[in-house]
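[1] Below: sequence and its predicted model.
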Amino acid sequence: MPRNAESTAFRSALEVIRGVEPRVADAIGAELADQRESLKLIASENYASPATLLAMGNWFSDKYAEGTVGRRFYAGCQNVDTVEALAAEHARELFGAAHAYVQPHSGIDANLVAFWAILADRVESPALKKAQARHVNDLTEADWFALRRELGDQRMLGMSLDAGGHLTHGFRPNISGKMFDQRSYGTDPDTGLVDYDRVAEAAREFRPLVLVAGYSAYPRKINFRIMREIADSVGATFMVDMAHFAGLVAGKVFTGDFDPVPHAHIVTSTTHKSLRGPRGGLVLCGPELADQVDRGCPMVLGGPLPHVMAAKAVALAEARRPDFADYARQIVDNARALAEGLLRRGAKLVTGGTDNHLVLIDVTGYGLTGRQAEQALLDSGIVTNRNAVPQDPNGAWYTSGIRIGTPALTTRGLGTAEMDTTAELIHAVLSQTSAGVGPDGTASKAKYVLDPALADKISRQASELLTGFPLYPDVELG
Ligand code: PLP
């Protein structure tokens with residue numbers, strides 16, 4: 001491909017958009033400029049390739065394609081079939097899964113598909129069998145009423161939010177918490193690590209239908225073989241949500257006991273975090289759950305997004321290339337270098353380090369809340385997000401943590417030396433920020449004091465750090 005093909009493609013697209021609503025074209029251009037300038041350490045974000053981005057902006061967006069490949073409820077889906085089949089094939093091959101469902105629009109949607117596939121398999125199918133009915137429509141009113149109650153009376157055991165679990169793993173503000181009676185396992189208060197004996201004990205006591213592993217803010221690996229043994233010991237279905245670390249599984253950094261695919265009954269993921277694809281989700285499973293998973297749309301999903309499935313096919317093809325394994329290894333090397341750089345300068349890290357793509361700084365060590373630290377870093381050109389730490393004294397809004405991750409900066413090409421500089425910049429900001437006071441003179445959890453000259457200096461240093469690592473170097477919007 002000629003070097004300027006990407007520039008031509010994006011420039012032409014913006015020109016066409018500008019002809020209709022120039023403010024949208026301007027906002028798209030401004031977003032690229034902002035992303036180019038900021039030191040993006042948000043652990044759940046990345047930069048998709050130009051090919052992935054371009055695969056989304058086309059005529060596939062106009063197609064309805066309810067159903068599955070070769071079995072649609074709409075005519076004329078032959079080209080959608082091509083891209084959905086390709087995305088599923090790449091996902092199966094990449095992760096070594098028997099079945100892949102690539103329709104979920106996001107990670108939350110993928111989890112909903114998985115929950116309902118498990119409920120259908122474990123609760124609905126046996127009830128239909130018992131009532132000698134083939135379909136829910138064939139049940140009597142009384143049997144249907146009993147089945148609905150039974151579906152709503154199931155238990156889920158997952159990681160607690162403050163230990164790094166995700167809201168969709170059975171927490172009340174999310175629909176999963178309204179569907180399931182949920183209990184959580186936390187981490188060891190001394191080490192911050194998952195204590196498998198405690199998980200086994202909780203499973204024995206609670207006897208969940210579903211045991212969930214997976215996290216948004218746990219900086220270590222999880223042994224999925226042990227988790228599967230725990231699930232089996234209580235007859236639970238074992239589900240892994242690898243939304244955050246799918247790129248590390250794809251890149252064969254997480255193998256053996258740490259690869260969820262051979263151990264879990266069902267695995268869900270996003271496609272846009274460490275996997276570096278378009279915003280979306282997917283579900284992997286064995287043949288036993290495949291039919292139920294394929295009922296995701298219209299069970300819980302709106303019509304498939306064929307343009308995003310096309311982009312998933314492109315991104316998954318990219319992840320099957322050997323250089324993706326180099327990328328995945330570098331993500332982890334970079335996270336380690338960042339953690340070591342912070343520790344050396346005196347930062348306090350949850351679990352004392354990292355095995356994956358993320359680092360969780362306990363900013364109480366700097367006398368700050370997560371909210372204050374997040375804002376002070378943002379003022380200094382460093383984009384992160386605040387996050388609860390285990391047993392967080394500041395709750396889920398203000399928090400005591402800053403979560404940072406390396407997938408995005410690794411895509412830009414930054415390496416371990418730049419991670420050490422990044423640690424230096426983060427430490428410089430946090431160690432020179434102090435908690436502010438509220439209007440009544442008491443300590444505030446939101447206000448902070450940071451010398452604007454220091455914030456400016458760090459911002460300049462952050463952008464200097466990025467100058468050697470241009471984002472989308474072949475895209476020049478003019
Ligand atoms: N699962 C986990 C573990 C996540 O971290 C996230 C996103 O933060 C999700 C699910 C939800 O993903 P999405 O925002 O694509 O719905």
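    Structure's in. What do you need?
[2] ok now do S431, which residues does it touch?
    S431 makes contact with 345-346, 366, according to Cβ atoms under 8 Å, 6 or more residues apart in numbering. Glycine gets a C-beta too; all of them are placed from N, C-alpha and C.
[3] Give me the phi and psi for A313.
    phi -60, psi -40 (degrees, to the nearest 10).
[4] and if you look at the one 5 residues further on?
    Taking degrees, to the nearest 10, you get phi -60, psi -40 for the backbone angles of E318.
[5] ok, now A43?
    According to degrees, to the nearest 10, A43 has phi -70, psi -20.
[6] So what's the residue count around it?
    28 (other Cβ atoms under 10 Å).
[7] How about A142?
    The number of residues packed near A142 is 9, by other Cβ under 10 Å.
[8] E201 too?
    13.
[9] same deal with K178?
    12.
[10] what's the helix or strand for it?
    Applying DSSP states H and E as the criterion places K178 in helix 175-179.
[11] Now do the buried residues in that helix.
    175-177, 179 (16 or more other Cβ atoms under 10 Å).
[12] same check, this time on stretch 151-167
    151, 154-167.
[13] from those residues, which is closest to the ligand?
    Nearest to the ligand among the buried residues of stretch 151-167: H166, at 3.8 Å, using Cβ to the nearest ligand atom.
[14] rewinding a little: the buried residues of stretch 151-167: which ones sit near the ligand?
    H166 (Cβ under 6 Å from any ligand atom).
[15] Hmm, which of the buried residues of stretch 151-167 is lowest in pLDDT?
    Ranked by pLDDT, the buried residues of stretch 151-167 bottom out at D162, which has 90.
[16] That one is in contact with N394, isn't it?
    No - D162 is beyond contact range of N394, at 10.6 Å (criterion: Cβ atoms under 8 Å).
[17] Now list whatever residues contact both of those two.
    What both D162 and N394 touch, as defined by Cβ under 8 Å, 6+ apart, is the set A388.
[18] Quick one: name the residues of this structure near the ligand.
    So the chain meets the ligand at 44, 106-108, 166, 168, 214-216, 241, 243-244, 270, 281 (Cβ under 6 Å from any ligand atom).
[19] Among the residues you listed, which are located in strands?
    Counting by DSSP state E, the residues of the chain next to the ligand place 214, 241, 270, 281 in strands.
[20] Tell me the most packed of those, by neighbour count.
    D241 (31 neighbours).
[21] got a list of what the closest residue to that residue other than its chain neighbours touches?
    Distance criterion Cβ to Cβ, 6 or more residues apart in numbering; nearest residue to D241, sequence neighbours excluded, is G214 at 3.1 Å. Listed by Cβ under 8 Å, 6+ apart, the contact set of G214 reads 159, 165-166, 169, 222, 239-244, 260, 268.
[22] Repeat that for V437.
    443-444, 447.
[23] Would you format the residues you listed as JSON lines with distance to Y196 included?
    Listed next are those as JSON lines, based on distance: Cβ to Cβ, whole Å:
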{"residue": "A443", "distance to Y196": "39"}
{"residue": "S444", "distance to Y196": "40"}
{"residue": "K447", "distance to Y196": "42"}
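[24] Can you give the contact residues for the helix holding K178?
    Here helix 175-179 has contacts from 111-112, 115, 152, 154, 156, 167-172, 182, using Cβ under 8 Å, 6+ apart.
[25] Same question for stretch 184-194: list its buried residues.
    Buried positions in stretch 184-194, judged by neighbour count with 16+ other Cβ under 10 Å: 184-187, 192-194.
[26] tell me the contacts of G280?
    102, 104-106, 270-272, 305, 308-309, 311-312.
[27] which residues touch whatever residue of the stretch 51-200 of the chain ends up closest to the ligand?
    Going by Cβ to the nearest ligand atom, the ligand is nearest to G107 of the stretch 51-200 of the chain, at 2.5 Å. For G107, the contacting residues are 168, 241, 243, 268-270, 281, by Cβ under 8 Å, 6+ apart.
[28] ok, the residues you listed vs Q292, which is closest?
    Nearest to Q292 out of these is T268 (Cβ to Cβ; 13.6 Å).
[29] That closest one falls within a strand, correct?
    Yes - counting by DSSP: H, G, I helix; E, B strand; the rest coil, T268 is part of a strand.
[30] Confirm for me that it is in contact with L112.
    No - at 9.2 Å, T268 does not count as touching L112 under the criterion of Cβ under 8 Å.
[31] The two: who's more crowded?
    Using other Cβ under 10 Å as the criterion, T268 and L112 rank with T268 on top: 32 against 24.
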